[in-house]
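# I'd like to go over a predicted model; first the sequence, then the structure.
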Amino acid sequence: MTFTTTLLRCRPARLTAPLLACALASLLAACAPAGLQATRPASTAPTVAAPAADWRAPYLQWQAAGQTVLRIDAQHSLITVLVRRGGPLARFGHDHVVAIRQFDGYVAPGHNGADFQFRLDQMTVDEADLRTQAGLAPQPTADAIAGTRHNMLARVLDAEHFPLVHVHAAHGDNDQLQVNITLHGVTRALPVQAQRETDADGLRVRGKLKLKQTDFGLVPFSVMGGAMAVQDELELRFDLRAR
């Protein structure tokens with residue numbers, strides 16, 4: 001994912017002071033001259049089959065048969081994505097926190113699996129409390145946050161054509177999950193360490209993972225030949241509940 005705190009326009013030109021100023025003000029801005037985007041390295045995550053269009057059907061069938069099926073509790077679930085700036089001039093940019101709070105999904109304990117999805121356009125950017133928890137300061141302005149979110153959805157994720165992210169998880173040995181993530185039309189398999197708790201209210205799963213934008217066909221934006229860039233690797237934390 002690529003984010004920007006400033007929406008500026010600049011004309012391709014020699015590397016003069018105005019261009020440098022523009023670059024410093026727009027770590028991820030769409031004003032970067034052509035040819036300064038990062039190249040896409042080969043992916044290290046395996047590609048797997050995309051989820052079925054009727055992925056809900058098995059859960060509804062199991063539920064109709066009297067088997068235990070839990071719903072993801074969106075009111076008490078959260079995924080955060082920490083996006084770091086990079087490059088020699090990284091100090092002129094900003095880190096960001098993206099939050100996912102709206103989920104549609106199921107867990108079937110008897111079948112050792114779970115599926116959920118969320119809409120990209122329901123994600124939030126730089127909530128004040130989450131930035132504080134992540135140790136990020138200062139808080140961007142409302143206009144800067146709106147610009148960041150627009151560029152994230154329109155210029156990088158292409159949310160109009162790829163509006164959904166789908167996650168399938170199967171419980172493996174010990175506390176490991178085998179997770180298939182579908183983003184931007186690409187599905188990748190990742191092993192994830194997670195804490196799993198069960199109680200009278202249902203199930204809680206917590207953990208963290210790192211993934212690369214380039215594994216999903218996304219190109220982290222950079223300017224000035226990589227002097228300012230967004231790091232390819234994203235840090236995700238999840239705390240999901242199902243009841």
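Great, that's in hand.

# Could you tell me the phi and psi values at Leu153?
For Leu153, the backbone dihedrals are phi -80, psi -40 (criterion: degrees, to the nearest 10).

# Which pLDDT value belongs to the most centrally placed residue in the chain?
With distances taken as CA atoms, centre = their mean, Val81 lies nearest the centre of the chain, 5.4 Å away. Predicted confidence (pLDDT) at Val81: the value is 98.

# ok, now Thr44?
Note for Thr44: predicted pLDDT of 59.

# do the one 10 residues further on as well
Model confidence at Asp54, given as pLDDT, is 92.

# Could you report the neighbour count for it?
A count of neighbours around Asp54, defined by other CB atoms under 10 Å, yields 8. Placement of C-beta: from N, CA and C, glycine included.

# That one belongs to a helix, doesn't it?
No - applying DSSP: H, G, I helix; E, B strand; the rest coil, one finds Asp54 to be coil, outside a helix.

# ok, now how distant is it from Arg84?
According to CB to CB, to the nearest Å, Asp54 stands 38 Å off from Arg84.

# Then Pro220?
Pro220 is 10 Å from Arg84, where distance means CB to CB.

# can you give me the helices in this structure?
In the chain, the helices defined using DSSP state H lie at 17-25, 57-64, 128-133, 142-150.

# Would you mind saying which of those helices lies nearest Ala227?
Nearest to Ala227, of all the helices of the chain, is helix 17-25, at 7.5 Å by CB to CB.

# and that closest one, average pLDDT?
Mean per-residue pLDDT for helix 17-25: 38.

# quick one on the thing from earlier: out of the helices of the chain, which comes closest to Phe116?
Among the helices of the chain, the nearest to Phe116 by CB to CB is helix 57-64 (10.5 Å).

# Pull out the buried positions in the closest one.
For helix 57-64, burial by neighbour count (16 or more other CB atoms under 10 Å) applies to Pro58, Tyr59, Trp62.

# now the strands: where do they sit in this structure?
Remark: strands assigned in the chain by DSSP state E are 70-71, 78-86, 96-100, 104-108, 113-119, 124-125, 164-171, 176-183, 186-199, 202-212, 222-223, 228-242.

# most tightly surrounded among those strands?
strand 222-223 (a mean of 24; mean count of other CB atoms under 10 Å).

# one step back: ok, the residue nearest to the centre of the chain touching Phe238?
No - between Val81 and Phe238 there is no contact under CB atoms under 8 Å: 9.8 Å.

# okay, and the common contacts of these two?
Here Val81 and Phe238 have no joint contacts, going by CB atoms under 8 Å, 6 or more residues apart in numbering.

# Would you mind measuring from Ile72 to Asp175?
19 Å.

# Comparing those two, which residue is more hemmed in?
Ile72 (23 against 13).

# Identify the bridge partners of the more buried one.
Ala242 (DSSP bridges).

# Equivalent analysis for Asp104, please.
Gln117.

# just the one 4 residues further on next, same as before
Taking DSSP bridges, one finds Gly113 as the beta-bridge partners of Ala108.
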